[in-house]
Every structure is written in structure tokens, then in C-alpha cells.
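J.: Would you be able to build a 3D model of this:
(2 chains)
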Amino acid sequence: EAGVAQSPRYKIIEKRQSVAFWCNPISGHATLYWYQQILGQGPKLLIQFQNNGVVDDSQLPKDRFSAERLKGVDSTLKIQPAKLEDSAVYLCASSPRPLDQETQYFGPGTRLLVL
Amino acid sequence: AQKITQTQPGMFVQEKEAVTLDCTYDTSDPSYGLFWYKQPSSGEMIFLIYQGSYDQQNATEGRYSLNFQKARKSANLVISASQLGDSAMYFCVYKGNQGGKLIFGQGTELSVKP
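T.: All right, here's what the predicted structure looks like:
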């Protein structure tokens, strides 16, 4: 079974530019998550989708970050305009259901550097 | 709010020896799950082991076992017979009944010495 796919793997942009990341979850997984992992820290949840609906976006900086999962399959995370502090790895994960015991499977991540 | 604490920023272990990575948590949720993930330098997050709060036995997965002490709110990871490939960052992760949100600890960087 194919894992969670993410692209691009690396991105370098200048501050105030915009950037978009793409994620394709494991086939059949209804729940999709975007995490931000700043260097030296554990990942922090940005947004959680259940099918194409948002379940939790409480930690998403909505003035500059947006995410969508229009058809309930793949998802896009956008930053506009980027700030220096957005430099991080952006991890996408998926699970069949958001239940306690369900393991989340992570993609390889997109490493973003904002100059 | 739930909180996960890993007090060991870095650990060294000799190859073939066992090592314990500490994790404590704070929660008032009636049920929850605890995970350990491994993150090598390449960046991917790899699931290792899961423990449910109502599981009667400690979880084991190959060389990984979880020393779960519910009353003490600790969920330590034990890696037996360490291998060089075990060198990585290890995260203790809490998942409550809020619908899937994972809360990560700060991580412990394990280095296995030959």
C-alpha cells in the first residue's frame, strides 16, 4: 500500500512570498492532518480534516495560512505571505478514522526555508 | 490541557544494550492513547508502538516495549538490544478523546554507540 505522499520535499522562498504544499493521504483514509515542526521541537497540529470538513484548526494562523481538502482526498496547505518564523518542516498525516487507537501515518514532509 | 514531558533531551547507549526513554503525561481525560514515534535524520515520522489507557497489558512490538504505569502517568519506551539504526529522535505522543489530535513531547535524541 502506498504511503502518504507530499510535495515538494524542499522549498526555499523569500519572506512575503507565497508557497503551497500538497499532500495525498493513504487511500481510504478519511482523516488528514497538517503539522508544523520547527527545528528542535515536536510537531504541532495546524489543521485536521475529516473527509472534506475541518475538525480542528485552532492552531492555524488564519491570517496567513489556509488549507483545503475539496474532494475529501488530497489537500493543499498555503502560506501567504510567508514570514521568517514559518521556516519548518510541514508534515502531512492520515488515518482511517480519528479514534483514540488509530495510528496516524506520516508523509516525508516538506522542508520550508524562508529567507 | 494535556501535557507530555520528555525530560531527556539526549541519550547515549552502547550497541546491543537496552535503553529506556522516559515519558510522563498530564491529563484528566477518562480514556486516551499513548504512542511512540521515531524520527531519523531523514525526517520521516515512523510509528513504533501504541498503548491504550484501558489496556491491561503493556504493549510490545518486537524490540520495543512500553512500560505503562497509569497511576504514575508514565509511558516509558524500552528498546532492547540497541542497533546503530536506532539512532534517531524519539517522540512520546498523547492522543485524547478530542477526535484525533496528537500532542507531541519535546523528543529525546538517542545515539547508539558501536
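J.: mind listing the strands for chain A?
T.: For chain A, the strands defined by DSSP state E occupy A:5-7, A:10-13, A:19-24, A:31-37, A:44-50, A:53-56, A:65-68, A:75-79, A:88-95, A:105-106, A:110-114.
J.: Quick check: which helices or strands does the fourth one pack against?
T.: Judged by 3 or more CB pairs under 8 Å, 6 or more residues apart in numbering or on different chains; DSSP states H and E, strand A:31-37 is in contact with strand A:44-50, strand A:75-79, strand A:88-95. (Glycine included, C-beta is placed from N, CA and C.)
J.: where's the closest residue to residue B:7 other than its chain neighbours relative to chain A, distance?
T.: Leaving aside its sequence neighbours, residue B:7 sits nearest to residue B:22 (CB to CB, 6 or more residues apart in numbering or on different chains; 5.7 Å). Shown here: residue B:22 relative to chain A, a distance of 15 Å by CB to the nearest CB, to the nearest Å.
J.: contacting residues around residue B:22?
T.: B:6-8, B:74, B:76, B:108 (CB atoms under 8 Å, 6 or more residues apart in numbering or on different chains).
J.: Excluding chain neighbours, give the residue nearest to residue A:54 in space.
T.: Using CB to CB, 6+ apart, the closest residue to residue A:54 is residue A:47 (6.5 Å).
J.: Pull the number of nearby residues for that neighbour.
T.: 24 (other CB atoms under 10 Å in any protein chain shown).
J.: picking up where we left off before, with mean pLDDT as extra columns, can I get the strands of chain A in a markdown table?
T.: Converted to a markdown table, these look like this (pLDDT from 0 to 100):
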| stretch | mean pLDDT |
| --- | --- |
| strand A:5-7 | 96 |
| strand A:10-13 | 97 |
| strand A:19-24 | 97 |
| strand A:31-37 | 95 |
| strand A:44-50 | 93 |
| strand A:53-56 | 91 |
| strand A:65-68 | 97 |
| strand A:75-79 | 98 |
| strand A:88-95 | 95 |
| strand A:105-106 | 92 |
| strand A:110-114 | 97 |
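J.: What helices and strands are in contact with the helix or strand bottoming out on mean pLDDT in chain B?
T.: One helix or strand of chain B scores below all others by mean pLDDT, DSSP states H and E: strand B:102-104, with a mean of 89. Where contact means 3+ CB pairs under 8 Å, 6+ apart, strand B:102-104 is packed against strand B:3-5, strand B:88-95.
J.: quick revisit: need the strands of chain A in CSV (columns: distance to residue B:12).
T.: Output for the strands of chain A, formatted as CSV (distance: least, CB to CB, whole Å):
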stretch, distance to residue B:12
strand A:5-7, 32
strand A:10-13, 31
strand A:19-24, 35
strand A:31-37, 24
strand A:44-50, 28
strand A:53-56, 38
strand A:65-68, 38
strand A:75-79, 37
strand A:88-95, 25
strand A:105-106, 26
strand A:110-114, 27
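J.: which parts of stretch A:72-88 are buried?
T.: Under the neighbour-count criterion of 16 or more other CB atoms under 10 Å in any protein chain shown, stretch A:72-88 has A:73, A:75, A:77, A:79, A:82, A:86-88 buried.
J.: Is residue A:94 bridged to anything, and to what?
T.: Counting by DSSP bridges, residue A:94 forms beta bridges with residue A:32, residue A:105.
J.: And for it, the neighbour number?
T.: 24.
J.: where's it relative to residue A:18, distance?
T.: From residue A:94 across to residue A:18, the span is 25 Å (CB to CB, to the nearest Å).
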